[in-house]
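*Asks:* Model the following, please.
(4 chains)
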There are 2 protein chains.
Amino acid sequence: MGARFEAGSAIGGVLYKDVKQAILAALADGEWKPGEVIPSERKLIERFGVSIGTLRKAIDELVAENILIRHQGRGTFVATHRLEDHFFRFFRIVRQDGHREYPTVQLARFRRAKADKEEAAALGLAVGEAVFRFTNVLSLEGKPVMIDAITVPEERFKTLSEKQLRERPNTLYNFYQDAFGINIIRTEERLRSALADEDDEALLGVPVGSPLLKILRVASSYHDERVEYRVSRLDTTGHEFVLSQP
Amino acid sequence: MGARFEAGSAIGGVLYKDVKQAILAALADGEWKPGEVIPSERKLIERFGVSIGTLRKAIDELVAENILIRHQGRGTFVATHRLEDHFFRFFRIVRQDGHREYPTVQLARFRRAKADKEEAAALGLAVGEAVFRFTNVLSLEGKPVMIDAITVPEERFKTLSEKQLRERPNTLYNFYQDAFGINIIRTEERLRSALADEDDEALLGVPVGSPLLKILRVASSYHDERVEYRVSRLDTTGHEFVLSQP
DNA sequence: TTACATTTGTTCGTATGTATA
DNA sequence: TTATACATACGAACAAATGTA
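*Replies:* Okay, here's the model as predicted:
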C-alpha cells in the first residue's frame, strides 16, 4: 500500500514527529535490531508516505539522540554499545591526567532479591517485586577503582544467570542488547560524596573512612522505560568522573 | 553586495559549516550581543549568498549547541545566561528529593594573584600570570551548601572589582556577558570526592573530615577560549549533582 | 582496476502554516 | 488587520562514500 502515513494527521501532531515515533515504535518492537541496517530512505518514504525532507528530519533527531547512526554510502544503522561505538558515553571514568582506558570487570556477587524502597522508586516497581542484584568490580591498569552495585527487574531479564554475566564477551549494555533485546539509550545520574565502609575496603582496597564518589544511575530504554539501577562507588585518588557541556 | 559568500569554496569545506563559522565569528566579534536578535533568515541568506535550507542547517547546529535560540514569529536570538534561560544547564545542584531552586550567593573573598600551576594549566596561561581569585558561598533555603573558588585571567577581566561582584544583580555568567562581553557557552567538569578541611568547616558549617563533592570546572567562550576555572566543594548530605545523558 | 548501482550528504528552491508584534 | 519571522512539508539535482560485479 502506497497510502499516506496515517498516524500523522490522526494524532494531529507534526508529521516528522509522528514518523520519528513510528520509527521508535519499530525499534522497540524489535523490527530492526542493534547493529542492523534499517531500510533506505527511499523505502522509508514509501512506507510512511512522506517526503525525503520530512523523513530526514525525523532521522536527524534520532541520530542526535544516539539512537541511529548514519553512514554515507552504506545506510542507517541502529546504534549498539560495542566498544568502538559510544562506550565512553556511559563510562565516564578517566585517570586524573586525562588518560582514557577500557576497564576490566570482575563479577563479585549475584543473587535474586526483592526490590527495596530505593530500587523500586528508581525502577518504577512495587516494593518487593523480584529483581536481580549483582556487583561488579571495575579495574583500570589492573587496580580496582570502582564498585558497581547493579539492580535489574527480573521481569525484563527473566533468564539472567551468574554464568552469563561471568562469561559475557562484550560490554554489559551490549550484553543487554544481545541477550534480552534491551537497548540502553539514556541515563540519569546523581553524584554524591560518601565515606568508604568495610565493603569498600574489601573490594577496592581503600581504608574505611576514605572519601568515595557515589554515583546513582538510572538507565532507560526506548520510551523512557527504566531497566537498570546502579549505585557506583569510585575511588577518586587517581581517577575522576568527567563531563562535558554541551 | 549580493555577492556569494566567499569563505565557502575558498576553505574548501562544507558550505553550511562555513556559514556556521561565519556566524560564530560575528558573535565573537560582538556584532550581535547576548539577548539581541540576529538578522532574519531572509537577510542572512542575502548576506551569505546561500539558500534558506543551507542557512537553516547552520543555525540548527548553533541552536543545538545552545548558542542561538529561535522563536517563531519573533526571530533568532543570541543566548544569554539569564535565570529564565538555561541557568540550570550550568547549575546542576539539586535537593536530594529532586527539588530545584535558585541559590543565593555571598562573596566571601576577592583578591588579585598570580596563577599557580593548576590554574595556569586549566586556563592556558603561564604560571605567574595575573589572575583574579574570588570565593562565593552558595546557599539553598538559607543554608550554605557549596563553596566556589573561582579564578579568571586578569587579561580578559581587566576592570573586575570586589564591588562589582558584590553588587551584580544577575547570575555570574550573565555578569560576565554584560560587563566584559564574555559569553560562556561550554564547560568541562571533573568530579572527585574529598574530605572537608577547616576552611570548609568555617564556610559550610560541616565538620572537618566530612565527605564533600569536589567539582573542577573549566568554562569556555566561543572557539573554546578558556575564561574561568572554578573549584567547587559541595556538601552532599542534603543535595546532589545531577546529570542527564543525552 | 574499472564501472556501476545504491545509499546518504549537501544545496538548491517553493508553498503553506503558525506565532508574534 | 497586516506584515514579518520562523516552522513544516514538499521535492529536484548533484556530490561523495561504499560495496560489488
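
*Asks:* what's the strand or helix carrying A:Val242 in contact with?
*Replies:* Secondary-structure assignment from DSSP states H and E places A:Val242 in strand A:239-245. Strand A:239-245 has contacts (C-beta atoms under 8 Å, 6 or more residues apart in numbering or on different chains) with A:92-96, A:140, A:145-146, A:191, A:213, A:215, A:234, B:89-90, B:186-192, B:216, B:243. (Glycine included, C-beta is placed from N, CA and C.)

*Asks:* these two touch, right, A:Ala22 and A:Phe48?
*Replies:* Yes - using C-beta atoms under 8 Å, A:Ala22 is in contact with A:Phe48, at 6.6 Å.

*Asks:* Which one's more surrounded, the two?
*Replies:* More neighbours surround A:Phe48 than the other of A:Ala22 and A:Phe48, with 22 against 18 (other C-beta atoms under 10 Å in any protein chain shown).

*Asks:* Is the residue nearest in space to the middle of chain A in a helix, a strand, or coil?
*Replies:* Taking C-alpha atoms, centre = their mean, the centroid of chain A lies closest to A:Ile184, which sits 2.9 Å from it. Assigned with DSSP: H, G, I helix; E, B strand; the rest coil, A:Ile184 falls in the coil class.

*Asks:* That one and A:Val78, how far apart?
*Replies:* A:Ile184 is 13 Å from A:Val78, where distance means C-beta to C-beta, to the nearest Å.

*Asks:* again with A:Glu162
*Replies:* As defined by C-beta to C-beta, A:Glu162 lies at a distance of 29 Å from A:Val78.

*Asks:* Go ahead and produce CSV holding the CA coordinates of the helix or strand hosting A:Glu118.
*Replies:* Using DSSP H and E, A:Glu118 sits in helix A:117-123. Presented in CSV, the C-alpha positions along helix A:117-123 are these (Å, rounded to 0.1, in the frame of the first residue of the first chain):
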residue,chain,number,x,y,z
LYS,A,117,12.2,1.0,48.5
GLU,A,118,15.1,2.8,46.8
GLU,A,119,15.3,0.3,43.9
ALA,A,120,11.6,0.2,43.5
ALA,A,121,11.4,4.0,43.2
ALA,A,122,14.3,4.1,40.8
LEU,A,123,12.9,1.4,38.5
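
*Asks:* Packing partners of the helix or strand that that helix is followed by?
*Replies:* As assigned by DSSP H and E, the chain's next helix or strand after helix A:117-123 is strand A:130-140. With contacts defined as 3 or more C-beta pairs under 8 Å, 6 or more residues apart in numbering or on different chains; DSSP states H and E, the packing partners of strand A:130-140 are strand A:93-95, strand A:104-114, strand A:143-153, helix A:198-204.

*Asks:* Nearest approach to chain B belongs to which of those?
*Replies:* Proximity to chain B (C-beta to the nearest C-beta) singles out strand A:93-95 among these, at 7.8 Å.

*Asks:* was I right about A:His26 contacting A:Trp32?
*Replies:* Rather than His, residue A:26 is Ala. Yes - if you go by C-beta under 8 Å, A:Ala26 and A:Trp32 touch, sitting 6.3 Å apart.

*Asks:* touching DNA strand D at all, the top helix by length along chain A?
*Replies:* Counting residues, the longest helix found in chain A (DSSP state H) is helix A:15-29. Yes - interface with DNA strand D: helix A:15-29 contributes A:Leu15, A:Tyr16, A:Lys17 (C-beta under 7 Å from any atom of the strand).

*Asks:* Format those residues as a markdown table; extra columns: neighbour count, distance to A:Thr135 and pLDDT.
*Replies:* What follows is the residues of helix A:15-29 next to DNA strand D, written out as a markdown table (neighbours: other C-beta atoms under 10 Å in any protein chain shown; distance: C-beta to C-beta, whole Å; pLDDT from 0 to 100):
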| residue | neighbour count | distance to A:Thr135 | pLDDT |
| --- | --- | --- | --- |
| A:Leu15 | 21 | 47 | 94 |
| A:Tyr16 | 21 | 44 | 96 |
| A:Lys17 | 15 | 41 | 96 |
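
*Asks:* Looking at those, which one is closest to B:Asp199?
*Replies:* Within the residues of helix A:15-29 next to DNA strand D, proximity to B:Asp199 (C-beta to C-beta) peaks at A:Lys17, which comes in at 51.4 Å.

*Asks:* Could I get the contacting residues of A:Thr135?
*Replies:* So A:Thr135 contacts A:Leu107, A:Ala108, A:Arg109, A:Phe110, A:Ile147, A:Asp148, A:Ala149, A:Ile150, A:Leu203 (C-beta under 8 Å, 6+ apart).

*Asks:* Select only the buried ones of those residues in ChimeraX?
*Replies:* Burial among those is assessed by 16 or more other C-beta atoms under 10 Å in any protein chain shown; the matching ChimeraX selection reads:
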select /A:108,110,147,148,149,150,203
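
*Asks:* Turn the contacts of A:Thr135 into CSV, columns for distance to A:Phe180 and pLDDT.
*Replies:* Formatted as CSV, these follow (distance: C-beta to C-beta, whole Å; pLDDT from 0 to 100):
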residue, distance to A:Phe180, pLDDT
A:Leu107, 17, 97
A:Ala108, 22, 96
A:Arg109, 20, 97
A:Phe110, 16, 98
A:Ile147, 23, 98
A:Asp148, 18, 98
A:Ala149, 20, 98
A:Ile150, 14, 98
A:Leu203, 27, 96
